[in-house]
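Colleague: Quick one, what's the 3D model for this:
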Amino acid sequence: MKNVKSLGLLAIAVLIGAGLWWWWEHGKTYPSTDDAYLGANIVNIAPEIAGRVIDVAVVENGYVAAGDVLFRLDPDAMTAAVDLAQAQLDQATQVAGVAGSDVTAAAAQVTNADAALRRAQLDFDRNERLFRLGDIAKAALDQATAARDQAEAQKQAAEAALAAARDQLGDTGEQNAGVRLALAGLKQAQLNLDHTTVLAPTSGWIANLTLRPGSYVAPGQQLFALVEEGAWWVDGNFKETDLRRIRPGQPVALEIDMYSGTKVKGVVDSIGAGSGAVFSLLPPENATGNWVKVTQRFPVRIRIEDTPDDKALQLRVGASVTATVDTSALDAK
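Modeller: Numbers count the residues shown, from 1 in each chain. Coordinates of the predicted model:
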């Protein structure tokens, strides 16, 4: 009887030892952590111009598609700015038109001066030949010379006036500096008017909404958040002793705490370059006499490959997750 009890106790001890060994080996092959959380891209919504809110078209936790209206600002001031910019463009165009007329008139003056210079040069050449033959007096040649010099000076003055007119006009009416400035002002005013209606940059869910009609907002002021519908991931914090077997591309079984029993497939995307403690707001200071060695945890980014088929099981940022990595492929090599 005593031997039977001894054998029973021995068998129990063997079974416990075998169970512990199996648990230890399973933990090495399938490292797991419950220090993991769902993540997604969060877009902070902010206006590009200042103004007073006249309409909020979304609600807290509501779904919006890309391009949907989020809220509107009072457009009256921006509409007036567009009208003013349009008037300034019209005025600049009129000024450019006057400058164009000045160029035309200056070009005609150059043509006339050029013709007068040619006539004066012909008179000078004829009088010079006659003077050499002794047919005219020196006074007549001097008079022809003065007329030629005067015509040449008038042509130079006309060309200078034409150059000045062209500089004021520009190469074309659209390239006139005043017209370009007015066009830029009109474009900016139109952009500001368009920005009075703020659209959703992507599809997702509204979060942290406190905006109400009547509020005055400033450019770049963060008003609420939009949780993007696209890519979802899990940030799992694994013990440093587990990292030696974890590799990018390994499959991961994910279980979301809020939907107990629901399994989601994932893949290891990347492994953090530093522990969570290193990048915390107050990193630990270990250069003290009371230092205690603690196993560090490193973030592992896990890409979610599929989402629950049940549309009621909506993924939510920050939800707790249990992540188990399958590293058995390393043993098969």
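Colleague: Quick one: the strands in the protein, in order.
Modeller: 32-45, 51-56, 63-64, 69-73, 197-199, 204-207, 216-217, 224-239, 251-256, 263-271, 297-304, 320-325 (DSSP state E).
Colleague: can you put these in JSON lines and add mean neighbour count, distance to T111 and mean pLDDT?
Modeller: From N, CA and C alone the C-beta is placed, and that goes for glycine too. Converted to JSON lines, those look like this (neighbours: other C-beta atoms under 10 Å; distance: least, C-beta to C-beta, whole Å; pLDDT from 0 to 100):
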{"stretch": "strand 32-45", "mean neighbour count": "17", "distance to T111": "63", "mean pLDDT": "93"}
{"stretch": "strand 51-56", "mean neighbour count": "16", "distance to T111": "56", "mean pLDDT": "96"}
{"stretch": "strand 63-64", "mean neighbour count": "18", "distance to T111": "67", "mean pLDDT": "94"}
{"stretch": "strand 69-73", "mean neighbour count": "20", "distance to T111": "57", "mean pLDDT": "96"}
{"stretch": "strand 197-199", "mean neighbour count": "17", "distance to T111": "55", "mean pLDDT": "96"}
{"stretch": "strand 204-207", "mean neighbour count": "19", "distance to T111": "69", "mean pLDDT": "94"}
{"stretch": "strand 216-217", "mean neighbour count": "15", "distance to T111": "61", "mean pLDDT": "95"}
{"stretch": "strand 224-239", "mean neighbour count": "18", "distance to T111": "67", "mean pLDDT": "92"}
{"stretch": "strand 251-256", "mean neighbour count": "20", "distance to T111": "84", "mean pLDDT": "93"}
{"stretch": "strand 263-271", "mean neighbour count": "17", "distance to T111": "75", "mean pLDDT": "92"}
{"stretch": "strand 297-304", "mean neighbour count": "21", "distance to T111": "76", "mean pLDDT": "93"}
{"stretch": "strand 320-325", "mean neighbour count": "20", "distance to T111": "85", "mean pLDDT": "93"}
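Colleague: Out of those, flag the one nearest G178.
Modeller: Of all the strands of the chain, strand 51-56 sits nearest to G178, with 29.4 Å by C-beta to C-beta.
Colleague: count of neighbours near the closest residue to P284 other than its chain neighbours?
Modeller: For P284, ignoring the flanking residues on the chain, the nearest one in space by C-beta to C-beta, 6 or more residues apart in numbering is A277 at 5.4 Å. Residues lying near A277 (other C-beta atoms under 10 Å) number 14.
Colleague: Kindly state the pLDDT recorded for A277?
Modeller: We have a pLDDT of 77 for A277.
Colleague: Centre of the chain to stretch 111-125, how far?
Modeller: 64 Å (C-alpha atoms, centre = their mean, to the nearest Å).
Colleague: likewise stretch 315-329?
Modeller: 31 Å.
Colleague: ok, now stretch 314-333?
Modeller: 33 Å.
Colleague: Please point out which parts of it sit buried.
Modeller: Of all the residues in stretch 314-333, those buried under the rule 16 or more other C-beta atoms under 10 Å are 315-317, 319, 321-325, 327.
Colleague: count of residues packed around A182?
Modeller: Neighbour tally, A182, other C-beta under 10 Å: 22.
Colleague: so it makes contact with Q94?
Modeller: No - applying C-beta atoms under 8 Å, one finds A182 not in contact with Q94, separated by 10.7 Å.
Colleague: hang on, the earlier thing: and of the strands of the chain, who's closest to R148?
Modeller: Within the strands of the chain, the stretch nearest R148 is strand 51-56; the backing value is 69.5 Å (C-beta to C-beta).
Colleague: tell me the angle that closest one makes with strand 69-73.
Modeller: 140 degrees (axes from the mean of the first three to the mean of the last three C-alpha atoms, to 10 degrees).
Colleague: Keeping just the C-alphas, turn strand 51-56 into PDB.
Modeller: Taking Å, rounded to 0.1, in the frame of the first residue of the first chain, the C-alpha atoms of strand 51-56 are listed here in PDB:
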ATOM      1  CA  GLY A  51     -14.200  83.100 -38.100                       C
ATOM      2  CA  ARG A  52     -17.400  82.500 -36.200                       C
ATOM      3  CA  VAL A  53     -19.100  79.100 -36.500                       C
ATOM      4  CA  ILE A  54     -22.600  79.200 -37.900                       C
ATOM      5  CA  ASP A  55     -23.300  75.500 -38.400                       C
ATOM      6  CA  VAL A  56     -21.900  72.200 -37.000                       C
END
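Colleague: For A200, give me its contacts.
Modeller: 64-70, 226 (C-beta atoms under 8 Å, 6 or more residues apart in numbering).
Colleague: Mind putting the residues you listed into a markdown table with distance to A273?
Modeller: Below are those laid out as a markdown table (distance: C-beta to C-beta, whole Å):
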| residue | distance to A273 |
| --- | --- |
| V64 | 35 |
| A65 | 37 |
| A66 | 33 |
| G67 | 37 |
| D68 | 38 |
| V69 | 41 |
| L70 | 36 |
| L226 | 29 |
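Colleague: Closest to T145 out of these?
Modeller: G67 (79.3 Å).
Colleague: For that closest one, which non-adjacent residue is closest in space?
Modeller: L199 (5.5 Å).
Colleague: Might one say that the residue nearest to P284 is in contact with Q296?
Modeller: Yes - counting by C-beta under 8 Å, Q296 is a contact partner of A277 at 6.4 Å.
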